[in-house]
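> what follows is a predicted protein model with its sequence.
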Amino acid sequence: MRILIAEDDFACRKFLYKFLSTYGECDITIDGIEALDAFVMALEEDSPYDLVCLDIMMPRLDGKKVLKAIREIEKQKDVAEHKKAKIIMTTALNDTTNVFSAFDNGCEAYASKPIDLAKFIKVMRKLELIKEK
(Lines give C-alpha, C1' and ligand atoms only; values in the text may rest on other atoms or scores of the structure.)
Protein backbone atom coordinates (compact mmCIF):
# COMPACT_ATOMS: atom_id res chain seq x y z
CA MET A 1 0.00 0.00 0.00
CA ARG A 2 1.21 3.52 -0.86
CA ILE A 3 0.47 6.18 1.75
CA LEU A 4 0.78 9.97 1.71
CA ILE A 5 0.90 11.77 5.05
CA ALA A 6 0.27 15.52 4.78
CA GLU A 7 0.87 16.97 8.23
CA ASP A 8 2.62 20.15 9.37
CA ASP A 9 3.01 19.17 13.04
CA PHE A 10 6.27 17.27 13.58
CA ALA A 11 5.07 15.06 16.46
CA CYS A 12 1.87 14.05 14.67
CA ARG A 13 3.76 13.48 11.40
CA LYS A 14 6.28 11.23 13.16
CA PHE A 15 3.51 9.34 15.01
CA LEU A 16 1.54 8.70 11.79
CA TYR A 17 4.68 7.69 9.90
CA LYS A 18 5.75 5.21 12.58
CA PHE A 19 2.26 3.70 12.74
CA LEU A 20 1.43 3.65 9.00
CA SER A 21 4.85 2.51 7.76
CA THR A 22 4.03 -0.95 9.13
CA TYR A 23 1.23 -1.12 6.51
CA GLY A 24 3.04 0.26 3.50
CA GLU A 25 5.38 2.74 1.87
CA CYS A 26 4.86 6.24 3.32
CA ASP A 27 5.69 9.63 1.85
CA ILE A 28 5.50 12.73 4.02
CA THR A 29 4.67 16.32 3.11
CA ILE A 30 4.48 19.30 5.43
CA ASP A 31 2.02 21.56 3.62
CA GLY A 32 -0.82 21.46 1.13
CA ILE A 33 1.22 22.48 -1.90
CA GLU A 34 3.74 19.68 -1.30
CA ALA A 35 0.86 17.23 -0.77
CA LEU A 36 -0.69 18.12 -4.13
CA ASP A 37 2.70 17.93 -5.86
CA ALA A 38 3.34 14.47 -4.37
CA PHE A 39 -0.16 13.27 -5.31
CA VAL A 40 0.19 14.42 -8.94
CA MET A 41 3.72 13.02 -9.24
CA ALA A 42 2.53 9.62 -7.95
CA LEU A 43 -0.29 9.55 -10.52
CA GLU A 44 2.09 10.54 -13.34
CA GLU A 45 4.52 7.78 -12.30
CA ASP A 46 1.59 5.32 -12.37
CA SER A 47 2.16 4.63 -8.69
CA PRO A 48 -0.83 6.34 -7.04
CA TYR A 49 -1.50 6.56 -3.33
CA ASP A 50 -3.98 4.15 -1.81
CA LEU A 51 -4.35 6.23 1.35
CA VAL A 52 -3.94 9.96 1.93
CA CYS A 53 -3.96 11.34 5.47
CA LEU A 54 -4.67 15.06 5.24
CA ASP A 55 -4.41 17.51 8.10
CA ILE A 56 -7.11 20.16 7.80
CA MET A 57 -4.98 23.03 9.10
CA MET A 58 -1.79 23.18 7.03
CA PRO A 59 0.23 26.14 5.78
CA ARG A 60 0.15 27.40 2.19
CA LEU A 61 -2.95 25.34 1.28
CA ASP A 62 -5.29 23.83 3.87
CA GLY A 63 -6.42 20.21 3.85
CA LYS A 64 -9.96 21.00 2.69
CA LYS A 65 -8.62 22.71 -0.44
CA VAL A 66 -6.17 19.87 -1.03
CA LEU A 67 -9.03 17.36 -0.72
CA LYS A 68 -11.08 19.25 -3.32
CA ALA A 69 -8.07 19.50 -5.64
CA ILE A 70 -7.26 15.78 -5.33
CA ARG A 71 -10.82 14.80 -6.20
CA GLU A 72 -10.80 17.21 -9.15
CA ILE A 73 -7.48 15.82 -10.42
CA GLU A 74 -8.83 12.26 -10.17
CA LYS A 75 -11.91 13.35 -12.11
CA GLN A 76 -9.85 15.06 -14.83
CA LYS A 77 -7.62 12.00 -15.18
CA ASP A 78 -10.63 9.64 -15.27
CA VAL A 79 -9.44 7.63 -12.29
CA ALA A 80 -11.88 4.74 -11.80
CA GLU A 81 -13.98 4.98 -8.64
CA HIS A 82 -12.40 1.86 -7.08
CA LYS A 83 -8.90 3.22 -7.78
CA LYS A 84 -9.38 6.63 -6.17
CA ALA A 85 -7.30 7.34 -3.08
CA LYS A 86 -8.99 6.79 0.26
CA ILE A 87 -8.70 10.06 2.15
CA ILE A 88 -8.75 10.37 5.92
CA MET A 89 -8.85 13.92 7.24
CA THR A 90 -7.01 14.53 10.51
CA THR A 91 -7.48 17.52 12.75
CA ALA A 92 -7.31 18.93 16.25
CA LEU A 93 -10.48 20.88 15.44
CA ASN A 94 -13.67 19.47 16.84
CA ASP A 95 -16.36 21.24 14.88
CA THR A 96 -19.07 19.61 12.83
CA THR A 97 -18.89 22.17 10.03
CA ASN A 98 -15.39 20.97 9.10
CA VAL A 99 -16.46 17.33 9.37
CA PHE A 100 -19.49 17.75 7.07
CA SER A 101 -17.52 19.91 4.64
CA ALA A 102 -14.79 17.25 4.37
CA PHE A 103 -17.31 14.48 3.69
CA ASP A 104 -19.14 16.66 1.15
CA ASN A 105 -15.84 17.12 -0.69
CA GLY A 106 -15.05 13.42 -0.89
CA CYS A 107 -13.15 12.20 2.15
CA GLU A 108 -13.92 8.71 3.41
CA ALA A 109 -13.15 9.23 7.09
CA TYR A 110 -12.24 11.74 9.75
CA ALA A 111 -9.82 11.29 12.66
CA SER A 112 -9.55 13.68 15.58
CA LYS A 113 -6.20 14.31 17.21
CA PRO A 114 -4.77 12.82 19.25
CA ILE A 115 -5.22 9.85 16.92
CA ASP A 116 -6.83 6.80 18.52
CA LEU A 117 -4.95 3.89 16.92
CA ALA A 118 -7.68 1.30 17.55
CA LYS A 119 -10.26 3.51 15.82
CA PHE A 120 -7.84 4.33 12.99
CA ILE A 121 -7.20 0.62 12.36
CA LYS A 122 -10.95 -0.02 12.39
CA VAL A 123 -11.42 2.71 9.76
CA MET A 124 -8.62 1.27 7.60
CA ARG A 125 -10.31 -2.13 7.73
CA LYS A 126 -13.69 -0.62 6.87
CA LEU A 127 -12.08 1.11 3.86
CA GLU A 128 -10.56 -2.26 2.90
CA LEU A 129 -7.03 -0.91 3.10
CA ILE A 130 -6.03 -3.63 5.53
CA LYS A 131 -7.49 -7.05 6.24
CA GLU A 132 -8.80 -8.43 9.52
CA LYS A 133 -6.13 -10.13 11.61
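Ah, there it is. Numbers count the residues shown, from 1 in each chain.
> same question for stretch 111-122: list its buried residues.
For stretch 111-122, the neighbour count (16 or more other CB atoms under 10 Å) marks Ala111, Lys113, Phe120 as buried. For the C-beta atoms, the positions are set from N, CA and C on the backbone; glycine is no exception.
> let me know the pLDDT of Glu132.
For Glu132, the model assigns a pLDDT of 69.
> for Ser112, same thing?
The pLDDT attached to Ser112 in the predicted structure is 86.
> ok, it touching Thr91?
Yes. Using CB atoms under 8 Å as the test, Ser112 is close enough to Thr91 to be in contact (6.6 Å).
> returning to what we had before: from the buried residues of stretch 111-122, which land in strands?
Judged by DSSP state E, the buried residues of stretch 111-122 include Ala111 as members of strands.
> kindly reformat the buried residues of stretch 111-122 as JSON lines containing distance to Asp31.
Below are the buried residues of stretch 111-122 laid out as JSON lines (distance: CB to CB, whole Å):
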{"residue": "Ala111", "distance to Asp31": "19"}
{"residue": "Lys113", "distance to Asp31": "17"}
{"residue": "Phe120", "distance to Asp31": "22"}
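> all set, thanks.
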